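Asks: A structural model of the following input is requested.
(chains A and B)
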Amino acid sequence: MRSGHAVEDYRQLVALSDNPITWFWVGLLILLLLALPGLVPTYTLVMASAVGIAAIGAIGLNLLTGTTGLISLGQAGFLAVGAYTCALLMADYGWPAEAAMPAAAIFTGLLSLVIGVPSLRLKGLYLAITTLAFSLIVTHFILYSENLTHGPFGVRIANPTMLGMDIASDVGFYYFVGILLLLVSLFALNVMRTRIGRAWIAIRDHDIAAQVMGINLVHYKLLAFFVSSSIVGLAGALTTLRLRFINVEVFDLLISIEALAMIIVGGLGSVAGSILGAAFIVLLPEGVRILLDFLTPEMKTAYSNYVYEVRGLLIGAIVIIILRVESGGLVGIWMKTKRYWINWPLPI
Amino acid sequence: MDYLLNITASGLVLGAMYGLIAMAFSVIYKTTGVVNFAQGEMMMLTAYIAWSLGMTLALPFWLMLPLVCVIAALIGGLVEYAIIRPMMGEPPFAIIMATMGLAIVIRSLTILLWGVNAEGFDASVKGGLLEIGPVVLFSEQVFALAVFLLVSVGIWAFMRFTRVGTAMRATALDESAALLMGINVRRIHSLAWAISSIIAALAGVCFALAFSRSPSMWFLGLQSFPASILGGLDAPLGSALGGLLVGVSANLSEGYIGQGLKEISGFVIIILVLMIRPYGLFGRRDLERV
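Replies: Presented below is the predicted three-dimensional model:
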């Protein structure tokens, strides 16, 4: 634990982290994740891939909601756009996954500008309702334009490969998601310490003050929508590659709420928080199952019947508790603990 | 022509339910500045309680309805006391998310307690057919319209003529000034939640009578957003009117333009309204002072 740490030159100030201990732990974590396929059963890998995809989506949403302060209830809609773009390009137009994935990301980003434009006049609550409406309209469009989207029948894609990698296998897909998550995290971390990221944070804290300081709101809000939705679209495309069969049911409204729950539980405006939160929410039902197995084996069948309801109950309760007790989320709890021990025995 | 009149009439019935929930939204928003994203879920919960009272305990309808209103008021007050009041002053995002958390809790709880199956709801007001010229309506649809009219007039009269209603309007206008005038603002907030829950409960009972009580009823809450946005989130009567407009336009677009537009037309309206006139038809324009 470091204390009495002083930043002495400019390079230290702008570094991603100037702490060798942080780099050491991150390196160890990456090594562990690289070795994971040899250590654990396939099922764990599948769960890890699911966590990775959710984390990419959460990072995207966090750039919009946590960093720029624009509340989005349209996560399900953006995911659906990304997933369907990727799936339709691959299934109906014969695009390779290498081309379909970036296309899905960019198309989602461009489409989000449609919502971005009204967002220039709206904030808070009204923006939340607009994005919700967008999400419902997207699902409706997918369901009723059968010629383009196969409507209620869903889309099936063949086993994909990516740059010679077999991403249809569980191990291959795990590595693929891992690499993308690393790239997206680095991108988000870096973007937040550039002029763009600082402008977003200024807009979140007070948009009128930001405008007075010379930040072009139109430009930066639209950019936030584009970047965030492109990342979410990428997560959508990954969902397609993971499931290989998608329909509208996958992109239920609950997904939007869960995504917001992820960034609230993890920590608003924090990349590490997005990943932690995604892991927490995705693994929650598993955790409860293991705990129940351990405590009362008889409860097992009752739980498997009502797994969605128990999950909803827990997610809702956790969101309320986090908002009431510790609004910084898991990352906030970690920071507080750290500060407590650095300052001990003095109060924080 | 008969077709047009009939779908307009059933649009009005649908709109009455939208309007009731939209009123419930706007009573809370006007008074406390919070949008209750769990409104649809609270409506579903009270409708389920009403169903249990009416079908399982076999209470007569005229006894069940007031009882449900009391229970709804208690639930509304409890939610305000336990979740919303301690969060006052926090950013709107936190409060919105808390109500959403509440929404999924209630949704899950309802399924855990009552199961996933939809059940019919029988009551003494149900079963008749009324013919008004070429328009044919079920008696439960007429009941929904009657409830809608009564509640609208009731809310108007309450806000306009009673002491508490005046205090509520004063709180909505300026909370600190109301506090200085000796109004118990906390109690007014609780009351707003209680009133809004009662309105939502009535909407829930009407909906359950007209269709069935089912675990997807909460969606009616989301579908009522357009009504509230169109009429103005801080205008209860405007929201009521917005409900009728949205209901009729939903039915007309479904009947004349294309299948499935019923669910979606309201949300198209939302986006249009928010782009052109974000404070709605009857809402008060917000000016931001820095």
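
Asks: which residues sit against the host helix or strand of residue A:199?
Replies: Using DSSP states H and E, residue A:199 sits in helix A:195-205. For helix A:195-205, the surrounding residues in contact (Cβ atoms under 8 Å, 6 or more residues apart in numbering or on different chains) are A:63, A:67-69, A:191-192, A:209-210, A:213, A:215, A:217, A:220-221, A:223-224, A:269. All C-beta atoms are positioned from the backbone trio N, CA, C, and that covers glycine.

Asks: Next secondary structure after it?
Replies: Next element after helix A:195-205 (DSSP H and E): helix A:207-212.

Asks: what about dumping the CA coordinates of that next one to PDB?
Replies: Output in PDB follows, covering the C-alpha atoms of helix A:207-212 (Å, rounded to 0.1, in the frame of the first residue of the first chain):
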ATOM      1  CA  ASP A 207     -23.100  21.100 -19.200                       C
ATOM      2  CA  ILE A 208     -23.800  24.800 -19.200                       C
ATOM      3  CA  ALA A 209     -20.500  25.500 -17.400                       C
ATOM      4  CA  ALA A 210     -18.800  23.200 -19.900                       C
ATOM      5  CA  GLN A 211     -20.200  25.100 -22.800                       C
ATOM      6  CA  VAL A 212     -19.100  28.400 -21.200                       C
END
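
Asks: So which elements touch the helix or strand that comes right after that helix?
Replies: Counting by DSSP H and E, the element after helix A:207-212 in chain order, helix or strand, is helix A:217-243. Counting contacts by 3 or more Cβ pairs under 8 Å, 6 or more residues apart in numbering or on different chains; DSSP states H and E, helix A:217-243 is packed against helix A:42-61, helix A:75-92, helix A:97-119, helix A:170-192, helix A:195-205, helix A:207-212.

Asks: Tabulate those helices (JSON lines), appending mean neighbour count.
Replies: Formatted as JSON lines, those follow (neighbours: other Cβ atoms under 10 Å in any protein chain shown):
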{"stretch": "helix A:42-61", "mean neighbour count": "23"}
{"stretch": "helix A:75-92", "mean neighbour count": "27"}
{"stretch": "helix A:97-119", "mean neighbour count": "21"}
{"stretch": "helix A:170-192", "mean neighbour count": "18"}
{"stretch": "helix A:195-205", "mean neighbour count": "18"}
{"stretch": "helix A:207-212", "mean neighbour count": "15"}
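
Asks: What residues does whatever residue of the stretch 1-150 of chain A ends up closest to chain B make contact with?
Replies: The minimum distance from the stretch 1-150 of chain A to chain B, using Cβ to the nearest Cβ, falls at residue A:133 (3.7 Å). With contact taken as Cβ under 8 Å, 6+ apart, residue A:133 is in contact with B:225, B:226, B:267, B:268, B:270, B:271.

Asks: What sits closest to it if chain neighbours are left out?
Replies: Distances taken as Cβ to Cβ, 6 or more residues apart in numbering or on different chains place residue B:267 nearest to residue A:133, at 3.7 Å, with adjacent residues excluded.

Asks: show me what contacts the one you found?
Replies: So residue B:267 contacts A:132, A:133, A:134, A:136, A:137, B:226 (Cβ under 8 Å, 6+ apart).

Asks: Need the max-distance pair from the residues you listed.
Replies: A:134 and B:226 (13.2 Å; Cβ to Cβ).

Asks: For those two, indicate the residue with more neighbours.
Replies: For residue A:134 versus residue B:226, the count of surrounding residues by other Cβ atoms under 10 Å in any protein chain shown is larger for residue B:226: 29 against 25.

Asks: which among the contacts of helix A:195-205 end up buried?
Replies: For the contacts of helix A:195-205, a burial check counting by 16 or more other Cβ atoms under 10 Å in any protein chain shown picks out A:63, A:67-69, A:191-192, A:210, A:215, A:220-221, A:223-224, A:269.

Asks: which residues in chain B form strands?
Replies: B:129-132, B:135-138 (DSSP state E).

Asks: Direction included, what does the first one pair up with?
Replies: Going back to what we said before, that points to strand B:129-132. strand B:135-138 (antiparallel) (DSSP bridges).

Asks: which outside residues touch the partner strand?
Replies: By Cβ under 8 Å, 6+ apart, strand B:135-138 touches B:5, B:6, B:9, B:10, B:13, B:126, B:127, B:128, B:129, B:130, B:210.

Asks: can you do 10 Å?
Replies: B:2, B:5-10, B:12-13, B:125-131, B:143-145, B:209-210 (Cβ atoms under 10 Å, 6 or more residues apart in numbering or on different chains).

Asks: follow-up on the earlier one: now the contacts of residue A:133 in CSV, with distance to residue B:62?
Replies: Below are the contacts of residue A:133 laid out as CSV (distance: Cβ to Cβ, whole Å):
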residue, distance to residue B:62
B:225, 32
B:226, 33
B:267, 37
B:268, 40
B:270, 38
B:271, 43
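
Asks: could I get these as TSV with pLDDT and distance to residue A:318?
Replies: Listed next are those as TSV, based on pLDDT from 0 to 100; distance: Cβ to Cβ, whole Å:
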residue	pLDDT	distance to residue A:318
B:225	88	25
B:226	89	30
B:267	87	29
B:268	87	34
B:270	84	30
B:271	83	32
